[in-house]
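[1] quick one, what's the 3D model for this:
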Amino acid sequence: MMRSLLFVLSLLVALPLWAAQVSVPAGQGTLAKAIAGANPGDVLTLSAGVYAGPVTIDRPLTITGTHDAIIDGTGQGTVVTIDAPDVSVTGVTVTGSGLDSQNLDAGIKILKKADRALVENNRVLGNLHGVDVHGGHDAQVRGNVIEGTQQFRMNDRGNGIYVWNSPGTLVEGNTVRWGRDGIFSNTSRKGTYRNNLFRDLRFAVHYMYTNDSEVSGNVSIGNHLGYAIMFSNKVVLKNNLSLSDISHGVMLNYANNADVSGNLVRGGADRCTFIYNAHKNLIYDNRFEGCNIGIHFTAGSERNVLTGNAFIGNRTQVKYVGTRDIEWSFEGRGNYWSDHPGFDLGGDGIADSPFRPNDLMDHILWSQPAASLLTGAPAVQLIRWAQSSFPATLPGGVVDSAPLMAAPTITVSPEYTAMEADAAARRKESDLDDFDANDLASH
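    Numbers count the residues shown, from 1 in each chain. Got it, this is the predicted structure:
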C-alpha cells in the first residue's frame, strides 16, 4: 500500500516535467488548433501577430507571449473562455469582444469549475467586459491593463473586472480605465481586491451581496463614485484613495459590520461619505477633505462607531437630520474638525470642549431648501449665535465629546496628484446627467 502511494505521489510531482513547450504561429485558426492538440500542462507560446478568436481553453494549459501577440475576437462573443481548472493566460493582448450585455461578452471569461485560473500581465482592450470571473473559485487577476469601451452612456458599458459567485478571487495590481465599473463584485465572498488603479469610470469598486472580503490600497481618480459597498456584510475597506471623484468617495448602503479605516477622500466630491441604512460599522482614521458634504449620515443607521477621522474644509462637515443625539467618539477619542475652535489646556491631544457640527438652522435648510434665501439674514445669524452660546437649545444631532486637536495624515504620491489635477480640470457639470448614485435601480 505504501509503495503504491509513493508511486502516485511521484507521478504527481513529475507531471510538470512532461509539459511540452509549443510555439504557436499567428494566423487564422492557429490558436484554436494548438489548444485542441495540446496535452494538459502544456505551455503555448504566442509570437507577435494576430490570432483569431473566439477560443475556448478546455484543459489545463498556459497561454503566454508578448503584448504584440494579439487575440482578436472580431466582435463575436467572448474572446477567450476558460473552461478548465489551472489555466494561465499571461502577457498577451486580448481585444475585440462582442457587445452583447445579456451574454456578458468579455475579453476573458472564467467559467464555473474553472478553478485557480491565472490572468496576469495582459492588455485587455476595447472589450465590453474586461475579465469576467463567472463562477470559478480562487482566480487571480493580477497586473493587467484593462481599458473598456467609451460608449456615450456610461451604464451601457461593461465592467473592467466582473466577479460573480467566485469565492477566493484575488484582483491585484491592475489598471482599469473607461467602461462602467472598475470591479463589480456580485453575490460572492472571501475576495481580495487590492492595489488597483481606477480612472474615468462610474464606480471604482462596486459591491453587491459580497461578504467577508477586503478592498485595500486601491486608487480611484476622477470616477463618478469611488467605493460603493452595498448589501454586503463584513467588508474591510482600508487604505484606499478617492481623488477628485465626482459624486461620492465612499458609500455604505445596507452594509453592516464593515471595517472602514485609513481611507482618504478629497477633491470636491458632492459627499465624501454617504452612510445609508448601514449598521454596526467601525469607521476610523479616515480623512474626508474638500467635499460639499463631509459625511451624509441617515437616521436609519445605528450602532456605528466613528473615531479618529478628520473632517477638513468640507462645505458642510456633517449632514444628519434626527431628533436624538448620536455620539461620535469612542473610549475618549473623537474626530478632528477643521472648523472647531477648540483648546487643549491639558495637552493630551483632546479638545477641552465638545463639538456639534450642525445646528437648528442646518436642519431647517435641509428640510426646507427654500429657506436658503434667508441664510444671511440677521435673524438667522441671531439664532446661530444663541445656539452656540446656549447649547441646551440645540436640536438632536451628532455630538463629538472628545474632538481631536490634530488630523491624521495620508500621503499621496506625485504621480496620483498629477492625475487628480487632470481629472479635476476635465470635470464638467454634465458628468452626472446619466447617473444617480441614490437610484438603486441603476446599480
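
[2] let me know the secondary structure of Leu31.
    Leu31 falls in the helix class when you classify it by DSSP: H, G, I helix; E, B strand; the rest coil.

[3] actually Thr417, not the one I typed
    Thr417 is classified as helix under three-state DSSP.

[4] tell me the contacts of it?
    Residues in contact with Thr417 (C-beta atoms under 8 Å, 6 or more residues apart in numbering) are Leu243. Every C-beta, even on glycine, is put in place using the N, C-alpha and C of the backbone.

[5] read off the pLDDT value for it.
    Note for Thr417: predicted pLDDT of 97.

[6] repeat for Arg427
    Arg427 is given a pLDDT of 83.

[7] mind telling me what element the residue most central in space within the chain is part of?
    Nearest to the mean C-alpha position of the chain, counting by C-alpha atoms, centre = their mean, stands Val205 at 2.1 Å. Assigned by DSSP states H and E, Val205 belongs to strand 203-211.

[8] which regions of the stretch 301-443 of the chain lie under the pLDDT threshold?
    Scanning the stretch 301-443 of the chain for pLDDT under 70 picks out 322-323, 359-396, 429-443.

[9] can you tell me what sits against the host helix or strand of Thr64?
    In this assignment (DSSP H and E), Thr64 forms part of strand 62-65. If you take C-beta under 8 Å, 6+ apart as the criterion, strand 62-65 is touched by 31, 42-48, 57, 80, 87-92.

[10] show me where the stretch 251-400 of the chain has helices.
    For the stretch 251-400 of the chain, the helices defined by DSSP state H, counting those that start in this stretch cover 360-367, 378-389.

[11] coming back round to it: what strands line up against the strand holding Val205, and which way round?
    Using DSSP bridges, strand 203-211 pairs in its sheet with strand 181-189 (parallel), strand 225-230 (parallel).

[12] most packed of those?
    Counting by mean count of other C-beta atoms under 10 Å, strand 225-230 has the highest mean neighbour count of the strands paired with strand 203-211, with a mean of 28.

[13] return the distance of the next helix-or-strand element following that one from the chain's centre.
    Sequence-wise, the next helix or strand downstream of strand 225-230 (DSSP H and E) is strand 235-238. Distance, stretch centre to chain centre, for strand 235-238: 10 Å (C-alpha atoms, centre = their mean, to the nearest Å).

[14] strand partners (parallel or antiparallel) of strand 235-238?
    Next to strand 235-238 in the sheet, as set by DSSP bridges, lie strand 213-216 (parallel), strand 259-261 (parallel).

[15] what residues does the shortest one touch?
    What it means is strand 259-261. Contact with strand 259-261 is made by 235-239, 250, 252, 281-286, as judged by C-beta under 8 Å, 6+ apart.

[16] I'd like the residues you listed as TSV, with neighbour count, distance to Asp132 and pLDDT appended.
    TSV is the format used below for those (neighbours: other C-beta atoms under 10 Å; distance: C-beta to C-beta, whole Å; pLDDT from 0 to 100):
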residue	neighbour count	distance to Asp132	pLDDT
Val235	25	22	98
Val236	16	24	98
Leu237	28	23	98
Lys238	19	27	98
Asn239	18	27	98
Val250	29	26	98
Leu252	28	26	97
Asn281	22	30	97
Leu282	15	33	97
Ile283	26	32	97
Tyr284	19	35	97
Asp285	17	35	98
Asn286	29	32	98
